[in-house]
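K.L.:
following is a predicted model, sequence given first.
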Amino acid sequence: MKVFVGTAQEYKEVAHLFGDESAAKPDAASSQIPAKTAKGESEAAALSSEIIEYAFSRIPLSQNQSKVWRTIVDAYPNWVNVIELADRTGLSRQEIAGVWGALGRRLAHTTGWPTDEWPMDEDRDHNNLRRYRAHADLVRLVKAGRIKLK
């Protein structure tokens with residue numbers, strides 16, 4: 001038995017693999033998702049609001065993912081280091097590492113996401129702790145209600 005996890009739009013793209021010919025095959029010209037080049041990289045070099053919104057909306061965020069992103073977005077334009085992030089979310093550093101792993105998988109499976117781009121800045125503070133700051137477009141999308149964080 002095959003099980004599909006994803007959005008209705010994503011299902012339409014793979015419905016034929018499930019023997020469902022009633023779902024129309026996607027029309028590349030009408031897709032809002034940036035097309036990939038032959039090398040698998042996005043034609044757009046930088047992040048766009050559209051691809052950020054798509055990546056954060058195509059599959060619901062987990063409770064832990066929402067907590068982390070809400071904390072980073074609320075702190076913008078300031079940075080949040082990993083200890084502050086753990087304190088504010090009530091998550092362990094290992095759980096936060098799990099959120100970043102899930103983010104990597106989410107982005108890697110988001111059609112059109114540019115290679116080596118993240119929806120946040122990452123750096124180290126004066127104590128050599130990792131710190132994070134949300135991408136400005138992500139903040140705008142959350143504040144406009146286009147990306148829902150719990």
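P.N.:
Ah, there it is. Numbers count the residues shown, from 1 in each chain.
K.L.:
correct me, but Leu103 touches Gln65?
P.N.:
Yes - Leu103 sits in contact with Gln65 when judged by Cβ atoms under 8 Å, with a separation of 7.4 Å. Yep, even glycine has a C-beta here, placed from its N, CA and C like the rest.
K.L.:
quick one: the helices in the protein?
P.N.:
Under the criterion DSSP state H, helices of the chain are mapped to 8-14, 49-57, 63-75, 82-89, 93-108, 136-143.
K.L.:
dump those helices into TSV; add mean neighbour count as well.
P.N.:
As requested, these are arranged in TSV below (neighbours: other Cβ atoms under 10 Å):
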stretch	mean neighbour count
helix 8-14	14
helix 49-57	19
helix 63-75	19
helix 82-89	17
helix 93-108	14
helix 136-143	18
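K.L.:
out of the ones you listed, which gets nearest to Asn127?
P.N.:
Closest of the helices of the chain to Asn127 is helix 82-89, at 8.7 Å (criterion: Cβ to Cβ).
K.L.:
report all helices and strands that the closest one contacts.
P.N.:
The contact analysis (3 or more Cβ pairs under 8 Å, 6 or more residues apart in numbering; DSSP states H and E) places helix 82-89 against helix 63-75, helix 93-108, strand 130-134.
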